[in-house]
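Asker: pasting the sequence and the predicted model now:
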Amino acid sequence: MNKSKSSKLTLVVATLTLASAAGAQTVDNWRSGDGSTVWRNGSGDLCWRNSNWTPATAAAECDGAIKPVVDTPVAQAPAPAAMPAPAPQPAPAPASVISMTMQAETLFDFDKSVIKAAGKAALDALVADLAKVNLDTLIAVGHTDSTGTEGYNQALAIRRVESVKAYLVSKGVPSDQIRTEGRGETQPVATNKTREGRAQNRRVEIEVVGTQKSM
């Protein structure tokens with residue numbers, strides 16, 4: 001084939017190649033007439049290019065073509081482990097109430113408000129028990145029998161519970177945690193018509209409000 005014919009063939013092939021690519025992505029590597037085969041060199045590792053060739057218009061399987069960028073998925077950091085809910089705080093122990101009654105004959109001589117030896121021993125035992133308690137309040141209430149006038153018995157009841165408070169304070173019980181009250185003869189627990197009944201009515205009632213200390 002002479003040079004003139006070769007040039008015409010090249011022109012025709014180039015024209016066909018460009019025409020077949022119209023309306024699709026422009027490819028500037030020479031192809032066969034039906035566009036199914038890209039022309040390569042003798043060793044098959046290089047494709048023929050026309051004068052418009054750029055890496056962006058190269059056939060995908062040819063040398064120099066821009067390789068598609070494959071997005072590499074980015075591993076997601078694992079979600080932080082949920083923090084365990086804090087353990088609920090134990091409910092505070094409810095305050096307990098301890099009630100006791102001390103007979104006046106144990107604490108005082110008849111018609112007196114000075115604490116005698118037996119009364120001090122009984123109050124010392126109470127102080128020892130208080131050392132095991134977180135004390136909120138100690139309430140001491142004095143009572144008498146109906147012997148004498150109501151006013152006199154009321155005053156006697158107050159003097160006696162104030163003596164009890166003073167003794168407990170001397171043993172270390174906080175003064176502001178002790179409440180006293182005198183009720184005289186108004187709340188008997190037995191009849192005042194008998195000696196035994198009157199003895200039961202002469203008393204000091206003590207109520208301790210607090211919680212047990214942790215050992």
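Answerer: Yep, that arrived. Residues are numbered from 1 along each chain as shown.
Asker: so which residues of the chain form strands?
Answerer: Shown for the chain, the strands assigned by DSSP state E span residues 96-103, 133-143, 178-182, 203-212.
Asker: relative orientation of the second one and strand 203-212 in degrees?
Answerer: What that stands for is strand 133-143. Put simply, strand 133-143 runs at 170 degrees to strand 203-212, going by axes from the mean of the first three to the mean of the last three CA atoms, to 10 degrees.
Asker: for strand 133-143, packing partners?
Answerer: Using 3 or more CB pairs under 8 Å, 6 or more residues apart in numbering; DSSP states H and E, the elements in contact with strand 133-143 are helix 150-170, strand 178-182, strand 203-212. Glycine gets a C-beta too; all of them are placed from N, C-alpha and C.
Asker: which one of those lies nearest to His143?
Answerer: strand 203-212 (5.1 Å; CB to CB).
Asker: which of the residues in the closest one are buried?
Answerer: 203-206, 208-210 (16 or more other CB atoms under 10 Å).
Asker: alpha carbons only: can I get it in PDB?
Answerer: What follows is strand 203-212, C-alpha atoms only, in PDB (Å, rounded to 0.1, in the frame of the first residue of the first chain):
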ATOM      1  CA  ARG A 203     -42.500   8.200 136.900                       C
ATOM      2  CA  VAL A 204     -40.300   9.700 134.200                       C
ATOM      3  CA  GLU A 205     -40.900   8.500 130.700                       C
ATOM      4  CA  ILE A 206     -37.900   8.700 128.300                       C
ATOM      5  CA  GLU A 207     -38.100   8.400 124.600                       C
ATOM      6  CA  VAL A 208     -35.000   8.100 122.400                       C
ATOM      7  CA  VAL A 209     -35.100   8.900 118.700                       C
ATOM      8  CA  GLY A 210     -32.100   8.000 116.600                       C
ATOM      9  CA  THR A 211     -30.500   5.300 114.400                       C
ATOM     10  CA  GLN A 212     -28.200   2.500 115.300                       C
END
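Asker: can you tell me how far the residue nearest to Ser96 when sequence neighbours are not counted sits from Leu135?
Answerer: Counting by CB to CB, 6 or more residues apart in numbering, Ser96 lies nearest to Thr211, which is 6.5 Å off, once chain neighbours are set aside. Here Thr211 is placed at a distance of 9 Å from Leu135 (CB to CB, to the nearest Å).
Asker: next: Asp129.
Answerer: For Asp129 relative to Leu135 (CB to CB), the value is 10 Å.
Asker: out of the two, which sits in the busier spot?
Answerer: With neighbours defined as other CB atoms under 10 Å, Asp129 and Leu135 compare such that Leu135 has more, 18 against 11.
Asker: right, and the more buried one touches Val173 too?
Answerer: Yes - counting by CB atoms under 8 Å, Leu135 touches Val173, with 7.4 Å between them.
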